[in-house]
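sequence plus the predicted model coming up.
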Amino acid sequence: MKLFRYFSVALTGILAHKLRAGLTMLGIIIGVAAVLTTTGFGSGAAADITANIQNGGVNLLTISSGSSRGGNNPATMTMADAQALSDAQIFPDLVYVAPQYSSSATYTSGSEEGTYQTIGATANYAIVTDLDIEYGQFFTAEQVEKNESVVVLGHTVATDLFGTADAVGQSVRINNNAFQVIGVLEESGGAGFGSNDTRAYVPLQVAQGRLFNASRYRGNYSVSTISIQVATAEGMDDAAKRIEQTLRMRHNLSKDDTNDFTISNQADLLETISNVTGTLSILLGSIGGISLLVGGIGIMNIMLVTVTERTREIGLRKAVGAHNSDILLQFLIESLVLCVLGGLIGIGFSYGVAAILSRMSFMPFAIVIEYWALVLAIGVSSASGFIFGLYPAWRATKLDPIEALRFE
């Protein structure tokens, strides 16, 4: 009951000085909002990138030219490598093998023009990477075999070139070559490592020969990457090891030579992204936490002023029998109430900022305020109230009641 009574006293004191209380809480409000908004940026970016990676297909291995150590590496992956990995007798656990060659190309439709990433692929690329078609279809194995001039557009590419009109069946020029649009992908959104919305897809050999004049390596067309769908998630590591052994033998690498290719999978990529975004969230949260520290110092300053203003009240309470613990509890609860109220207002403010920013066209992802961040914000603001209110409350208990009653 005593606690409830002191809460009532604290609210009465706060309402008696509304402007001062509001300005005092402002530091906590800004601090909590800054922490939640900045960590929300980190969480939103992580969720967006993770979704893009996971949407890239299931049980996916990606092989790209060049060593993972960087450097100026040649395009060492070729169509012959992809054909070797497609041998079902040697690699029975590799469900699909999809080589790709990608580069940027200029697209023209009437007066509309734009440059987009163009990926030359095989028919099973859509299966390997789990592409969703909104209109039309992805090109077939027969169309790839015949090197037909067909293209599948990402949602943004189709909108840029054709507006609200149905793009399927329309003609578009790619690097001054005429192509027919046979499909449009569903909108995937996001940015991260690149969105399918801003890409287009053509048959592989059309991209290598007609559009980009791809280089040859050991007599075969080079490829940018090879995407491979493994039968089971448990078989990913074993498949990666056997693919590495095969490619090293094919590329005539000795045991002392480093790989001239890189094999990556979703699990490794997601772990890396998780570590990076976790560090980013901590950094951003720490920057926002500085505002909480400043707000806590403001709370202590105002509580010291409050103790001075209410010196006679403290003396009177002691004179009629109040214990030091009662005085300590009264001012400590007032400090806690200020900080918790400021924290709650800051939470509401951060949700408002997140909602507004997430609707802005320049934002590539939504701000995600996690539950742990809410708990942390309330916990830190409450701790601020306790820590920064403890000294002023202790000062109040040390006042001599006789001297306090004489205070003017």
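Good, I have the coordinates. Numbering: from 1, shown residues only.

for A105, phi and psi?
Here is the backbone geometry of A105 (degrees, to the nearest 10): phi -140, psi 160.

L374 versus that one, what's the distance?
A105 sits at a distance of 46 Å from L374 (criterion: C-beta to C-beta, to the nearest Å). All C-beta atoms are positioned from the backbone trio N, CA, C, and that covers glycine.

more neighbours: which of these two?
Per other C-beta atoms under 10 Å, whichever of A105 and L374 has more neighbours is A105, with 21 against 16.

isn't that one right up against V172?
No: applying C-beta atoms under 8 Å as the test, A105 and V172 come out as separate, 10.5 Å apart.

what strand or helix carries T115?
With secondary structure defined by DSSP states H and E, T115 is part of strand 112-121.

so the closest residue to G136 other than its chain neighbours, which of the three states?
Distance criterion C-beta to C-beta, 6 or more residues apart in numbering; nearest residue to G136, sequence neighbours excluded, is G183 at 3.5 Å. For G183, the assignment made with DSSP: H, G, I helix; E, B strand; the rest coil gives strand.

can you give me the distance of G183 to V206?
Applying C-beta to C-beta, the value for G183 to V206 is 15 Å.

neighbour count for these two, which is higher?
Between G183 and V206, V206 has the larger neighbour count (other C-beta under 10 Å), namely 25 against 21.

returning to what we had before: what lines up beside the strand holding T115 in the sheet?
Sheet pairing of strand 112-121 (DSSP bridges) gives strand 94-109 (antiparallel), strand 199-203 (parallel).

can you name the next helix or strand after the host helix or strand of I356?
For I356, the element it lies in under DSSP H and E is helix 324-358. With elements assigned by DSSP H and E, the helix or strand that comes after helix 324-358 is helix 371-397.

pull out the buried residues from that next one.
373-374, 376-378, 380-381, 384-385, 388-390, 392-393, 395-397 (16 or more other C-beta atoms under 10 Å).

now the angle between helix 324-358 and that helix, please.
Angle between the axes of helix 371-397 and helix 324-358 is 150 degrees (criterion: axes from the mean of the first three to the mean of the last three C-alpha atoms, to 10 degrees).

after the strand or helix carrying D238, which helix or strand is next?
Using DSSP H and E, D238 falls within helix 236-250. The helix or strand immediately downstream of helix 236-250 is strand 261-265, counting by DSSP H and E.

what about the strands in the stretch 151-300 of the chain?
Ranges of strands in the stretch 151-300 of the chain, per DSSP state E, counting those that start in this stretch, are 171-174, 177-185, 199-203, 216-217, 220-221, 225-230, 261-265.

please, which helix or strand holds the spatially most central residue of the chain?
Nearest residue to the geometric centre of the chain (C-alpha atoms, centre = their mean): A45, 1.6 Å. When elements are assigned from DSSP H and E, A45 belongs to helix 18-54.

one more: I63?
If you go by DSSP H and E, I63 is part of strand 60-65.

CA-only coordinates of that strand in PDB, if you can.
The C-alpha trace of strand 60-65 is given here as PDB (Å, rounded to 0.1, in the frame of the first residue of the first chain):
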ATOM      1  CA  LEU A  60      21.400 -23.900 -52.800                       C
ATOM      2  CA  LEU A  61      25.100 -24.000 -53.500                       C
ATOM      3  CA  THR A  62      26.600 -21.200 -55.600                       C
ATOM      4  CA  ILE A  63      30.000 -21.600 -57.400                       C
ATOM      5  CA  SER A  64      31.600 -18.400 -58.800                       C
ATOM      6  CA  SER A  65      34.900 -17.700 -60.600                       C
END
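
can you give me the buried ones in the next helix or strand after it?
Using DSSP H and E, the next helix or strand after strand 60-65 towards the C-terminus is helix 79-85. By neighbour count on 16+ other C-beta under 10 Å, the buried set for helix 79-85 is 79, 81-82, 84-85.

rebuild these as a markdown table, extending it with distance to D237.
As requested, the buried residues of helix 79-85 are exported to a markdown table (distance: C-beta to C-beta, whole Å):
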| residue | distance to D237 |
| --- | --- |
| M79 | 26 |
| D81 | 20 |
| A82 | 21 |
| A84 | 20 |
| L85 | 16 |
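
circling back: between the strand holding I63 and strand 94-109, how many degrees?
Calculated by the same axes, to 10 degrees, strand 60-65 forms an angle of 70 degrees with strand 94-109.

and L131, what does it touch?
Residues near L131 by C-beta atoms under 8 Å, 6 or more residues apart in numbering: 125, 138, 185, 196.

in what helix or strand does the second one lie?
Using DSSP H and E, F138 falls within no helix or strand.

break this structure into its domains for me.
If you go by automatic domain parsing, the domain ranges for the chain are 2-52+272-406, 74-259.

closest to S64 out of the ones you listed?
Closest approach to S64 among the domains of the chain is made by domain 74-259 (4.6 Å; C-beta to C-beta).

quick check: mean pLDDT of that closest one?
What domain 74-259 shows for mean pLDDT is 89.

distance from the chain centre to it, please.
Its chain's C-alpha centre and that of domain 74-259 lie 26 Å apart, by C-alpha atoms, centre = their mean, to the nearest Å.
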